[in-house]
Each structure stands twice: as C-alpha cells, then as structure tokens.
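For reference, the sequence and a predicted model appear below.
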Amino acid sequence: MEILILLLALFVLSLFLGVELITKVPPTLHTPLMSGTNAVSGITLVGALLAAGNDGSPMLVNVLGFIAVTLATINVVGGYLVTNRMLAMFKRK
Amino acid sequence: MNANIVNFVYLVAGILFILGIKGLTKPKTAVRGNMLSALGMLLAVVVTLFNINTVDFSYIVAGVLVGGAVGATMALRIQMTSMPQMVALLNGFGGGASLTIALAEYFTVSAVAPSSFSDLFVPVALNSGAFGVGIEGTIALLAIGLTILIGAVTLTGSLVAFSKLQELMKKSYGLPGGPIGNGLFLLAALAAVASLLINPGNVTAVVVIVALALLLGLFLVMPIGGADMPVVIALLNSYSGIAAALAGFILGNTVLIIAGSLVGTSGLILTKIMCVAMNRSLANVLFGKMAAGGEKIDADEIYAGKVTSAQPEEVAMMLEVAQRVVIVPGYGMAMAQAQHAVRELADAMEARGVEVEYGIHPVAGRMPGHMNVLLAEAEVPYDNLVEMDRINPTFEDTDVVIVIGANDVTNPMAREAEGSPIYGMPILNVDKAKNVVVIKRSLSPGFAGLPNPLFAMDHTLMVYGDGKKAVVEMTTALNQA
C-alpha cells in the first residue's frame, strides 16, 4: 500500500510538472512536440520487455509481449527519428 | 541487478525526458532536447534488459527488429504534409502497446494459459490474493482493466483517424443514438471492469473489455470530420500517455508513470488549445455537428455580382508596389504541396524590399503546428511564422494579404454575424488589410459549410485555380517586372 501511495504521488506531481512544461512550448513546435511525446510514450517498451522476456511463460503471453515490443519500438524509433528530422528543419536559418 | 540501481536509472531517464520537453520550448534547443530524451529512453531500456532474470530473448529481438525497421522506414520516408497521419499511427501503436502489456500481465499473474479460443470464456478459480492482498489487488485489477480499456480505444480510434486523414475513409459513420450509443458502450465496458474486480478469474470479462473498447474507439472517431482532426489527434495523443501511465501502475514502474503523465498532459493541453481556437467545447467536437445556425444563409446572396476575380499577373503588379505582405496558409496549401512555391514567392518579394510574414491560425491544417512544419520544410525562418494574436493587430498596416488554401479561419462572420455557427471563433482579421488576395479552386464553402463574405468584399481579389500553379505564376510575373 505504501508503494501505491508513492506511485500516486509521483503520478500527480508529474501531471503538474507536465502542465508547467507543455504550456511553455511555442505553437510553432506543436507538431514536433506531438511526435516527440509519441516517442516518449514508447517507454512502454520497458514494460513490454518485462512481459516478453519471461522464460517459461505460456505462448499467449510471449505473443502479447512480442506485439507490445514491436509497437513500442516503432514509437521509440519512429518518434525520435521523425522528430529529429523536423527539428533539423527548424534549426537551419 | 539491484532493484535500487534500476530505479535510480529510471529516475535519471525520467529527468532526461523532462529536460527533453524543456528543450522543446525554444527552436534553438529543441534538437538537443530530443537527443536527451532519446538518451533517457536508451538508459531505461538497457537497464531493463539487465534486470530481466530468466530471459527468452527470441521474442524481444524479433520485436525490436520488426519495430525498429518499421519505425525507421516510416520516419525517414514520410512526407511533411502527411505528418498528421504518422502521429495518428504512433498514437495508436502507443495505445496498442499498453493494451498488450496489460493483457500479458493479466495472463501471467493469473497463470491462465488458454490453449484454445474457447478457453477464454471459462472462468478460473483464483486465490483472492493473486493480484495483491485486499485493496492492493483491487487497484491492480482496476489498473489492468482501465489500461485495456483506454489502450484499445486509442488503438482503433487512431486507426480510424489515420484512415480519415489518408482519405481512405471519406464518409462519417456513427452509432445510432450518437453520444448515447457510445455512452452505453462505455458503461458496458466499465461494468465488465467491475465484474473483473469482483472475480479476478473472470477471463470472459477481460475479453469483453477488449472487444467493447476496440469497438468504442471506432464509433467515437468515425463520425468526426477531417477539419476536427487536430482535436482528435491531440486527444488520442493524451490517451496513449494515460494508458502508458496506467501500465506503470500495473507494473509498479516509476519511469512509465513519469513519461506517461507527461505525454497525457501534453495531449490534453493541445486538445484545449485547439478547442479554444475553434470556440467549441470538447463535447461539441466529439459528439456535435457544427450547429445549423439560425436561418440558412444563401451563398448566392452574398456572392452575387460582388466577387472580383484576378489573374496571377495582376496580383504580381500589386505585390510589386506593396511594402508589407502577410501570407495566410491553410490545409489547401498542404494539399497542393505549395509550401516551396510560397517560399519562393516570398523570396521574390523580399528581394524587392517587401516585408513578408506568415499568419498562422492554431487550427490551420490537420494537426497542431502543421503549417509551421510545412513552412519550416520549405526553409522559411521560424521567426517569420507569426501566431494569430500577434499578427492580428498588424493587418491594418498590411498592403496585401495572400490567403492560400484557408477559408473558415478568415471568415468575418465569426466576428460579426451573431447566431452564425462560427460566431465567436477567433479568426485572422485579414479583411482589415488594404488588399486581400484569396487563392482558391472555387467559391465552395469550407468545413463549416458557410459562405465567406470576405470573398465578396471590394478589396478582395479571387485567384481561381491550383494553389501551387497560381503562386508560381505570381513569382514568375514578379521576377519579370
């Protein structure tokens, strides 16, 4: 129970931090912000690895884990690369 | 590996994500911010790999290879005009990942190993403490149920959004009863979550949540039209983050919670910005059609005999003597792939000493910031891209406004015609400029289905035709002058 409360505290504080951070992003960068947050949401890859890598799990779990790893990796790789591509366009003058 | 070390690295990763988003507050620091964020991701993934005990790497390697190849191909091939489609897909994949993680966790903890499809409908007897003792077990199951629900809605909703943006799905379908039908679906899914809390071994409840949520995602987005997609994409972006944060609660994983809530708030804030820019509530975008405003406005009455059309060469003569020109792009510019042509026209004007700026409405295009990315691709300096609130006071000192592919966001009815469906929506006050040039295929109405009195004004010239062609002809004429 103590751990749950700590996780909840982390969640709530992160929400407040998110509001403070995101409101400062200028409209010009809203599209890279969205693709960049897509990449960040690929953090589910961490959870997916835990699910997929469990030796001795039933087949169903392994397959679900494989799907999760694939989808999360698309987000991580695709999200960061495309964001980088866009931001490079904003950088040059 | 020591759990403390793992959690410490997760903390470092979380900090790097935060610094990454902080970098996005300025174009100059944005690239570095993105790199920091990617570094955080790398750290989190590597430390997780070290932390897995009994590993079967075959599924992991296969998933990373397939996902990496697909992701890299998408990211490097995608055209900037199609960024909304890419973000829609990534939103969906994020939701799908959370959905499958929650399912995998449920089947692992409950030790249910269905060997055939029919096994999914046989309840199993579980220890009351399988998911944790007392309230902890209930919360764990609640997190699993909600992750499945939100993840599945995000998955199918995003796929529909993608099909609409890609124009694979052109019509709008919906459940009979609209919001009521959707509400019943949601209630039924929540009831299934509740029954899972009461009996954790109720595998059927899990299947029912998945099925209902997948359908709900379809029904929620199918009725929504193309021009409302900025709101839908931003909202689904938020859902994908919330699903990730909830998955963090299932796994007791701190970095998932931090990253997920950052993404969740980001999407929500963008959703709000988009709604404010259209002067509509979120409920109205999701469930309402544009209100059929008062009496029907007759387009002919507004346009008859008052619309002046012009050739690109005539516009070039106006631009020649102008001192300040503002370009107002809309989705039509993206459709015509005219961003490079527009920048060349701006270059030609600047070479003659004309001051050129771009007026960007928050909902121009199909996603937040869409126009900015297109113009950045065409190497327009971002300082020249001016937001609505800052450009509006300058229109009175502007000699020529060139509107290309935008309609509703310039409609003066939003300011003046009380009772009109778009009344109150903040617009670009282009009609205050000395001259307005509208490049458009025809007088057809925009998404709001309204005639635009701007087109009939005395100081407005309509240039009919393909946006790119018209702009190129203007540039040629201007260079020859």
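Arrived safely, thanks for sending. Numbers count the residues shown, from 1 in each chain, chains lettered A, B, ... in the order given.

The residue nearest to B:Ala456 when sequence neighbours are not counted: neighbour count?
Using C-beta to C-beta, 6 or more residues apart in numbering or on different chains and skipping the chain neighbours, the partner closest in space to B:Ala456 is B:Lys306 (4.0 Å). Just so you know, the C-beta spots here come from the backbone N, C-alpha and C atoms, and that holds for glycine as well. With neighbours defined by other C-beta atoms under 10 Å in any protein chain shown, the count for B:Lys306 comes to 13.

right, and B:Lys306 touches B:Leu454 too?
No - with contacts counted by C-beta atoms under 8 Å, B:Lys306 stays clear of B:Leu454, the gap being 11.2 Å.

For B:Val437, give me the backbone phi and psi.
Dihedral angles of B:Val437 (phi, psi; degrees, to the nearest 10) stand at phi -120, psi 120.

How about B:Val363?
Dihedral angles for B:Val363 - degrees, to the nearest 10 - are phi -100, psi 10.

residues in contact with it?
B:227, B:230, B:274, B:277-278, B:409 (C-beta atoms under 8 Å, 6 or more residues apart in numbering or on different chains).

Which members of the residues you listed are positioned in helices?
B:230, B:274, B:277-278 (DSSP state H).

Please dump those into CSV; it should also carry distance to chain A for every row.
Listed next are those as CSV, based on distance: C-beta to the nearest C-beta, whole Å:
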residue, distance to chain A
B:Pro230, 9
B:Met274, 9
B:Ala277, 10
B:Met278, 15
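
Just give me the closest of those to B:Ser420.
B:Met278 (13.6 Å; C-beta to C-beta).

Out of the helices and strands in chain B, which is least certain?
helix B:299-303 (a mean of 77; mean pLDDT, DSSP states H and E).

And for that one, what's in contact with it?
B:443, B:445, B:451, B:453, B:455-456.

Equivalent analysis for stretch B:404-412, please.
In contact with stretch B:404-412 (C-beta under 8 Å, 6+ apart) are residues B:227, B:327-336, B:338, B:342, B:361, B:363-364, B:403, B:414, B:422, B:425, B:427-431, B:439-440, B:445-448, B:450, B:452-454, B:467, B:471.

Looking at these, which are in strands?
B:327-329, B:403, B:439-440 (DSSP state E).

The residues you listed into JSON lines, with extra columns for pLDDT, neighbour count and distance to chain A?
Output for these, formatted as JSON lines (pLDDT from 0 to 100; neighbours: other C-beta atoms under 10 Å in any protein chain shown; distance: C-beta to the nearest C-beta, whole Å):
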{"residue": "B:Ile327", "pLDDT": "96", "neighbour count": "27", "distance to chain A": "15"}
{"residue": "B:Val328", "pLDDT": "96", "neighbour count": "27", "distance to chain A": "15"}
{"residue": "B:Pro329", "pLDDT": "95", "neighbour count": "28", "distance to chain A": "13"}
{"residue": "B:Val403", "pLDDT": "95", "neighbour count": "29", "distance to chain A": "19"}
{"residue": "B:Ile439", "pLDDT": "93", "neighbour count": "28", "distance to chain A": "23"}
{"residue": "B:Lys440", "pLDDT": "90", "neighbour count": "22", "distance to chain A": "25"}
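
hmm, the longest helix along chain A touching chain B?
Counting by DSSP H, the longest helix found in chain A is helix A:59-91. Yes - using C-beta under 8 Å from any C-beta of the partner chain, we find that helix A:59-91 touches chain B at A:59-91.

Now for the residue nearest to the spatial centre of chain A: which residues touch it?
Using C-alpha atoms, centre = their mean, the residue of chain A that lies closest to the mean C-alpha position is A:Ser41, 1.6 Å off. Shown in contact with A:Ser41 (C-beta under 8 Å, 6+ apart): A:75, A:79, B:94, B:240-241, B:244, B:259-260, B:263.

switch the cut-off to 6 Å
A:Ser41 makes contacts with B:94, B:240-241, B:244, B:263, as judged by C-beta atoms under 6 Å, 6 or more residues apart in numbering or on different chains.

so which helix or strand takes in residue 32?
This is for chain A. helix A:30-41 (DSSP states H and E).

that's the wrong chain, I wanted chain B
helix B:27-51.

what angle separates that helix from helix A:59-91?
160 degrees (axes from the mean of the first three to the mean of the last three C-alpha atoms, to 10 degrees).

What mean pLDDT does helix B:27-51 get?
Averaged across helix B:27-51, pLDDT comes to 93.

what's the answer for stretch B:333-343, then?
Mean predicted lDDT for stretch B:333-343 stands at 92.

One more: stretch B:89-101?
pLDDT averaged over stretch B:89-101 gives 96.

Determine whether any part of it lies close to chain A.
Yes - counting by C-beta under 6 Å from any C-beta of the partner chain, chain A has neighbours in stretch B:89-101: B:90, B:93-94, B:96-98, B:100-101.

for stretch B:68-75, same thing?
Yes - part of stretch B:68-75 sits near chain A under the criterion C-beta under 6 Å from any C-beta, namely B:68, B:70-72, B:74-75.

Output that stretch as PDB, restricted to C-alpha atoms.
What follows is stretch B:68-75, C-alpha atoms only, in PDB (Å, rounded to 0.1, in the frame of the first residue of the first chain):
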ATOM      1  CA  GLY B  68      12.800  -0.700 -35.500                       C
ATOM      2  CA  ALA B  69      12.600  -1.400 -39.200                       C
ATOM      3  CA  VAL B  70       9.000  -0.200 -39.500                       C
ATOM      4  CA  GLY B  71       9.600   2.800 -37.300                       C
ATOM      5  CA  ALA B  72      12.700   3.900 -39.100                       C
ATOM      6  CA  THR B  73      11.100   3.400 -42.600                       C
ATOM      7  CA  MET B  74       8.100   5.500 -41.600                       C
ATOM      8  CA  ALA B  75      10.200   8.300 -40.000                       C
END
